[in-house]
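How does the following fold in three dimensions:
(2 chains)
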Amino acid sequence: MLALTVDRAKTGAFDEDLVLVERFLAGDISAFEALYARYYDKVLSIARGVLLDGDEAADAVQEVFTLVYRNLSRFDRRARFSTWLFRITVNRSIQEARRNRHRSKHVELDEAVAQVAPDEPEPPDPQIEAAMAKLAPADRALLALFYWDELSLGDIAESLGCNVNAAKTRLYRARERFRSVYEGSVTEGVLL
Amino acid sequence: MKGIPPEIDALMWSLAEEGGPVAQAEFEARHARYGPELTRRIRMVAELRQAGKSPVHRPTFTPRPVKVAPTPRWAVVSVVGLAVVAFGAVTYVAVSSGEKPKTVIQQDPPQKTPEPPKPQTTYTPPFHDPIVNNIPPEVPQDPPKKVPAYMKPRDIKIEQTSLTTAIALVAQGSGLQVTVAPGFEDRQVTLDYRGLNAIDTLHAMGEQYGFTVLQEEEGHVLVVPARPAQEPTRRIGA
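Residues are numbered from 1 along each chain as shown, chains lettered A, B, ... in the order given. Below is the predicted model of the structure:
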C-alpha cells in the first residue's frame, strides 16, 4: 500500500513536470520558470556539494538551467525530468570542479582573503567542508544527492546513469571514504 | 571500520541515517560494544545533512549566451604532434626512396625556340574563308567580274607548312571555297607552282601529296584523301 502511494506520488510529480515541459516547448516561458523555481534548491545543493563554493555553485546552476532551457527539446520522455536535470547538474558540476581544481592552485593568498565577503554566512561545519574537499567530485555528488537532496537510490541511479546496485555500491564507498577523512580530521582537531 | 560484522555495520548505518533515539537505545542495549561507533556515525550523518542546509536566495533566471569552449591544450598539442609525425614520415619516405631534392637554378630567360618558317606566299589578300577560319565572308564591294578569281593564273610558293594550311592558303584570296573531308592526313609540304589557277594548283597538289579534288559546285571544291583501290568485300568460291 505504501509502495503504491509512493508510486502514485512519483507518477504525479512526473506528470506535472512533463506538463510543464510540454507547455514550455509550446512556447509558454512561465512553465520553465515554474520548473526553475521547483528545482533550483536541489540543483544548487548538488552543485554546492560538488564545487564547495557558493558563488561557483550559483554560477553552475545558471549554466545548468541555461543548458536545459536551450536543450529541453532533446529531453527523452522515458526518463523523469528531475533525474534528467540532476544528471546534467552532476556532470556539469564535476566538469566545473575539475576545471577549478587547476585554476584554484594559482589563486594568491591575498586574493583569496579578499574574496571572502564580510556578510557571507559561516560554513556550517569546517570539518565537514574539509572532509568533503578531500573527496573526489563524483563522491561529493553522490553524498549531496543522498544526504542533501535526499533522493532515493533509484533516483540516484537514474541521475548517474547506472543501475541501483551500482549506485548503492558507489554510495557506500563514497560514504566510507568520507567517514575515513572526517574521522581523521576530527581526531586531528581533538589533538590540536 | 575493521572488525565490525557486515550486518552490524549495515544496521548502524541504517540507524544513523533513519533511526531515532529509541532505536539507538535498543541497539546499544543489544550491542553495547558498538555504542560509541554508532554515536559517531549518527553525529557525522547529522552534521553532513546539516551542511547541506543553507539559506538559498533564488535569483531570476535569465538564459546566458552560449559559450564557445576554447580549444583544450591537449587538442592543440595532439594536432601539433600529429603534424610533426606526418612531416617526419614524409621526410623519411622521401630520403629513403633516394629521391634527390629538387634544386631550382635561376637561369636567364629561356630563349624562344625558333619557330618554323612562316610560309612565304606571293599574295596576302584580305579574304575570310568560312570553312578555314569560321568567319562569315565579306560581301564584295567591287562589281562581280566575269572570270572568277580562282580561275586566274597565279604564282604560289609555300615552304615548310602543313598541307591543310597550304590548301587553305591556296584557296584564300581566290574566292574558292574548300572543304577538307575528315580523315585527311596532314604533313609538311613545300610548294612552288607558277602560272596555275587555284583549282589547278589544288589538283597538282593532289597528285603530289595524295588527295583528290572534287568540284562540288561553282566556286566550291571538296578535298578527300586518296583511297587505295578497293578490294572485293566478299569472296566466292575456294
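
Surely B:T212 and B:G206 touch.
Yes. Using CB atoms under 8 Å, B:T212 is in contact with B:G206, at 5.6 Å. (C-beta placed from N, C-alpha, C; glycine too.)

Show me whatever sits in contact with both of the two.
B:V223, B:A226 (CB atoms under 8 Å, 6 or more residues apart in numbering or on different chains).

So which bits of chain A are right by chain B?
A:32-33, A:36-37, A:40-41, A:44-45, A:48-49, A:54, A:58, A:62-63, A:65-66, A:69-70, A:121, A:123-125, A:127-129, A:132, A:143-144, A:147-149, A:175, A:178-179, A:182-183 (CB under 8 Å from any CB of the partner chain).

Buried subset of these, written for PyMOL?
Buried residues within the residues of chain A next to chain B, by 16 or more other CB atoms under 10 Å in any protein chain shown, are selected in PyMOL with:
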select buried, chain A and resi 32+36+40+44+45+48+49+54+58+62+63+65+66+69+124+125+127+128+132+143+144+147+148+149+175+178+179+182+183
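
Low-confidence stretches in chain B?
B:1-2, B:66-69, B:98-145, B:227-238 (pLDDT under 70).

And for chain A?
Ranges of chain A meeting pLDDT under 70: A:1-15, A:101-124, A:185-192.

so who does the one residue in chain A that gets nearest to chain B touch?
Nearest residue of chain A to chain B: A:W148, at 3.0 Å (CB to the nearest CB). Going by CB under 8 Å, 6+ apart, A:W148 touches A:S45, A:I46, A:G49, B:R49, B:A51, B:G52, B:K53.

and which of those residues is nearest A:S93?
Among the contacts of A:W148, A:I46 lies closest to A:S93 (CB to CB), at 6.3 Å.

Burial check on that closest one, number of neighbours?
30 (other CB atoms under 10 Å in any protein chain shown).

Help me confirm that it comes into contact with A:S93.
Yes. Contact criterion CB under 8 Å: A:I46 and A:S93 qualify, at 6.3 Å.

which neighbours do these two share?
A:A141.

for chain A, what are the nearby residues on chain B?
Residues of chain B lying near chain A (CB under 8 Å from any CB): B:13, B:40-41, B:44-45, B:47-56, B:58-59, B:61-64, B:66.

Of all the residues in the longest helix that chain A contains, which ones are buried?
Criterion DSSP state H: the longest helix present in chain A is helix A:164-191. Residues of helix A:164-191 classed as buried by neighbour count (16+ other CB under 10 Å): A:167, A:170-171, A:174-175, A:177-179, A:181-183, A:185-186.

Give me the nearest residue to the residue in chain B that chain A sits nearest to, chain neighbours excluded.
Closest residue of chain B to chain A, CB to the nearest CB: B:G52 (3.0 Å). Using CB to CB, 6 or more residues apart in numbering or on different chains and skipping residues adjacent in sequence, the residue nearest B:G52 is A:W148, 3.0 Å away.

before we move on, what about A:A144?
Closest to A:A144 by CB to CB, 6+ apart is A:G49, at 2.6 Å.

for the strand or helix carrying that neighbour, packing partners?
Using DSSP states H and E, A:G49 sits in helix A:29-51. Where contact means 3 or more CB pairs under 8 Å, 6 or more residues apart in numbering or on different chains; DSSP states H and E, helix A:29-51 is packed against helix A:2-25, helix A:54-71, helix A:81-104, helix A:137-143.

On the three-state scheme, the closest residue to B:A181 other than its chain neighbours is what?
Nearest non-adjacent residue to B:A181, counting by CB to CB, 6+ apart: B:V224, 4.2 Å away. Per DSSP: H, G, I helix; E, B strand; the rest coil, the secondary structure class of B:V224 is strand.

Tell me if I'm right that B:V224 and B:F211 touch.
Yes. Using CB under 8 Å, B:V224 makes contact with B:F211 at a distance of 6.5 Å.

Overlap of the contact sets of the two?
Contacts common to B:V224 and B:F211, judged by CB under 8 Å, 6+ apart, are B:F184.

Neighbour count: the two, which is higher?
Legend: neighbour count by other CB under 10 Å for B:V224 and B:F211, higher for B:F211 (22 against 16).

does that one really touch B:L222, like I thought?
No. The criterion here is CB under 8 Å, and B:F211 misses it with B:L222 at 10.2 Å.

so who does the residue nearest the centre of chain A touch?
With distances taken as CA atoms, centre = their mean, A:I46 lies nearest the centre of chain A, 1.5 Å away. Contacts for A:I46 (CB under 8 Å, 6+ apart) come out as A:F86, A:T89, A:V90, A:S93, A:A141, A:A144, A:L145, A:W148, A:D149.

Select only the buried ones of the residues of chain B next to chain A in PyMOL?
Only the buried entries of the residues of chain B next to chain A go into this PyMOL selection, using 16+ other CB under 10 Å:
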select buried, chain B and resi 13+40+41+44+45+47+48+49+51+52+61
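
Give me the subset of the residues of chain B next to chain A that lies in helices.
B:W13, B:R40, B:R41, B:M44, B:V45, B:E47, B:L48, B:R49, B:Q50, B:A51.

from these, which single one is nearest B:V178?
B:A51 (106.4 Å).

Would you agree that closest one is in contact with A:I128?
Yes. Assessed by CB under 8 Å, B:A51 is found in contact with A:I128 at 4.3 Å.

what angle do the helix holding A:G49 and helix A:81-104 make?
Angular relation of helix A:29-51 and helix A:81-104 on a 0 to 180 degree scale: 50 degrees, by axes from the mean of the first three to the mean of the last three CA atoms, to 10 degrees.

centre of the chain versus helix A:29-51, how much separation?
9 Å (CA atoms, centre = their mean, to the nearest Å).

relative to helix A:54-71, how tilted is it?
Using the same axes, to 10 degrees: helix A:29-51 against helix A:54-71 is 140 degrees.

ok so, going back, the residue of chain B closest to chain A and A:L160: what is the separation?
According to CB to CB, to the nearest Å, B:G52 stands 18 Å off from A:L160.

would you list every one of the helices in chain B?
Ranges of helices in chain B, per DSSP H, are B:6-18, B:21-30, B:35-51, B:73-96, B:130-133, B:163-171, B:198-209.

Just say which of those helices is most tucked in.
helix B:163-171 (a mean of 22; mean count of other CB atoms under 10 Å in any protein chain shown).
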